[in-house]
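>>> Sequence below, structure please.
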Amino acid sequence: MGASKAWSAAAAWLAAVVGLAAAVSSSEAYVFYADGRDGWVLDPTESYNHWAGRNRFQVNDTIGNRAISMTVT
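Sure thing, here's the model as predicted:
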């Protein structure tokens, strides 16, 4: 019975550590470059609306090009 209790405690700690690691890694900010390979152009190969629609932005992410950026708040 004692070994079973020890394994349950170890499994609970492991689940807590994995959950904490997932939460920390998912909260990191990301930099999105909207200018792509072609840079900022009037007629891009992919519209900026389509590009923005296929990305998921979170608080503290940065969106911009190589010269100008803004932070999502």
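>>> Which helix or which strand is home to Pro44?
Pro44 belongs to no helix or strand when assigned by DSSP states H and E.
>>> Need phi/psi at it.
For Pro44, the backbone dihedrals (degrees, to the nearest 10) come out as phi -70, psi 160.
>>> surely it meets Ala34?
No: using CB atoms under 8 Å, Pro44 is not in contact with Ala34; the gap is 9.1 Å. Every residue, glycine included, has its C-beta placed from N, CA and C.
>>> Now for Trp7, how many residues are close by?
10 (other CB atoms under 10 Å).
>>> Quick one: the helices in this structure, in order.
2-26, 48-53 (DSSP state H).
>>> Comparing these by mean pLDDT, which bottoms out?
Mean pLDDT is lowest for helix 2-26 among the helices of the chain, at a mean of 69.
>>> Could you check the pLDDT of the closest residue to Val31 other than its chain neighbours?
Excluding the flanking residues, the one nearest Val31 by CB to CB, 6 or more residues apart in numbering is Thr62, at 4.6 Å. With respect to pLDDT, Thr62 scores 85.
>>> Kindly report the same for Leu42.
So Leu42 comes in at 80 (pLDDT).
>>> Could you check how far Ile68 is from Ala16?
According to CB to CB, to the nearest Å, Ile68 and Ala16 sit 42 Å apart.
>>> Let me fix that, I meant to ask about Arg54.
Remark: distance between Arg54 and Ala16 (CB to CB) = 34 Å.
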